[in-house]
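Novice: Take a look and give me a structure for this.
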Amino acid sequence: MSIMNKNTTSNPVLFVGAGPGDPELITVKGQKALQAADLVIYAGSLVPKAVLKWTGAKAIKISSASMNLEQIVDKMVQGHKKGQKVVRLHTGDPSLYGAIFEQMASLKKHSIPYQVIPGVTAAFAAAASMGLEYTLPEVSQTLILTRMAGRTPTPETEALEKLARHQTSMAIYLSIALVDKVADVLVKNYGSDAACVVAVRVSHPEEKIIHTTVGQLAETVHAEKITRLALIIVGRVLDVSIETLKYKSKLYAKDFSHGFRE
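Specialist: The predicted model follows:
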């Protein structure tokens with residue numbers, strides 16, 4: 001068993017979740033990390049420059065949009081060896097499609113410590129924008145975060161076709177370019193009339209939340225010319241409105257006792 005004690009590391013490289021785009025949706029801890037950083041290597045293809053307003057005036061800011069893994073790691077290693085406070089800034093939450101594990105592995109080879117500061121992922125920012133609860137009692141108690149297999153494959157057991165059979169709440173990342181294939185899978189499992197949402201540039205000033213149906217998903221995406229930075233959300237929770245809410249949580253029911261209420 002391996003136990004990681006973050007108090008034993010000195011000047012670690014910090015992997016920070018920038019959140020979905022709104023600079024105020026970064027965590028306080030992430031904000032403080034940026035303010036203290038000497039070197040910030042940010043995912044320039046996804047992290048808006050507005051988030052960089054939290055960095056200090058003297059901080060060096062480098063976009064990794066055109067860099068490969070070795071180049072990114074080399075910048076982090078050089079900065080750490082100079083005694084700089086290094087922040088690797090990822091969009092959303094670094095643990096979700098952030099490709100951070102391979103960076104950590106490379107840092108470990110150089111005996112460089114690292115820590116992760118989590119962030120808000122787009123699926124949760126979209127839910128907040130819509131006033132949506134993914135886990136409504138007796139409607140859905142499971143949320144699947146996944147993506148369609150493309151140039152980067154997915155494990156066979158996690159193919160979208162197999163996951164969609166559960167008919168749970170689902171947020172599909174990194175798949176808008178494959179929307180025709182996604183729509184075919186969702187129609188077979190949720191039905192063409194099932195509610196669906198395309199959340200575009202969530203929390204950005206130009207955010208769009210487009211309500212459609214699974215059957216019209218592909219047509220909607222093509223008509224709106226959406227090609228990137230979009231999330232597909234599907235599930236029966238989208239059919240429930242404030243007016244049609246039927247089932248409520250036991251947690252707040254008057255006749256439901258628990259450790260804090262008789």
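
Novice: Please make it C-alpha for all contacts and neighbour counts, starting now.
Specialist: OK.

Novice: Can you give me the distance of R165 to I112?
Specialist: 43 Å (C-alpha to C-alpha, to the nearest Å).

Novice: Mind checking which of those two has more residues around it?
Specialist: I112 (19 against 13; other C-alpha atoms under 10 Å).

Novice: secondary structure class for that one?
Specialist: coil (DSSP: H, G, I helix; E, B strand; the rest coil).

Novice: who touches the closest residue to it other than its chain neighbours in this structure?
Specialist: Sequence neighbours aside, P12 is the residue nearest to I112 in space, at 6.9 Å (criterion: C-alpha to C-alpha, 6 or more residues apart in numbering). Counting by C-alpha atoms under 8 Å, 6 or more residues apart in numbering, P12 touches K85, V86, I112, P113, Y114, Q115.

Novice: which intervals of this protein have sub-threshold pLDDT?
Specialist: Within the chain, the ranges that satisfy pLDDT under 70 run 1-9, 242-262.

Novice: if we go to 90?
Specialist: 1-10, 138, 150-153, 240-262 (pLDDT under 90).

Novice: domains of it?
Specialist: 11-117, 122-239 (automatic domain parsing).

Novice: Backbone dihedrals for the closest residue to A126 other than its chain neighbours, please?
Specialist: Among residues not flanking A126 along the chain, V202 sits closest, at 6.0 Å (C-alpha to C-alpha, 6+ apart). In this entry, V202 is assigned phi and psi values of phi -60, psi 130 (degrees, to the nearest 10).

Novice: Can you give me every residue that contacts V202?
Specialist: Contacts of V202 (C-alpha under 8 Å, 6+ apart): P20, G21, A122, A125, A126, K208, I209, A230.

Novice: ok, the second one touching E207?
Specialist: No - with contacts defined as C-alpha atoms under 8 Å, G21 does not count as touching E207, sitting 9.8 Å away.

Novice: Among those two, which residue is more densely surrounded?
Specialist: Set side by side, G21 and E207 show more neighbours around G21, with 26 against 15, by other C-alpha under 10 Å.

Novice: In three-state terms, label the more buried one for me.
Specialist: coil.

Novice: and it, how far is that from V47?
Specialist: Applying C-alpha to C-alpha to G21 and V47 gives a distance of 7 Å.

Novice: which residues do those two both contact?
Specialist: Common contacts of G21 and V47 (C-alpha under 8 Å, 6+ apart): T91.

Novice: Understood, closing this out.
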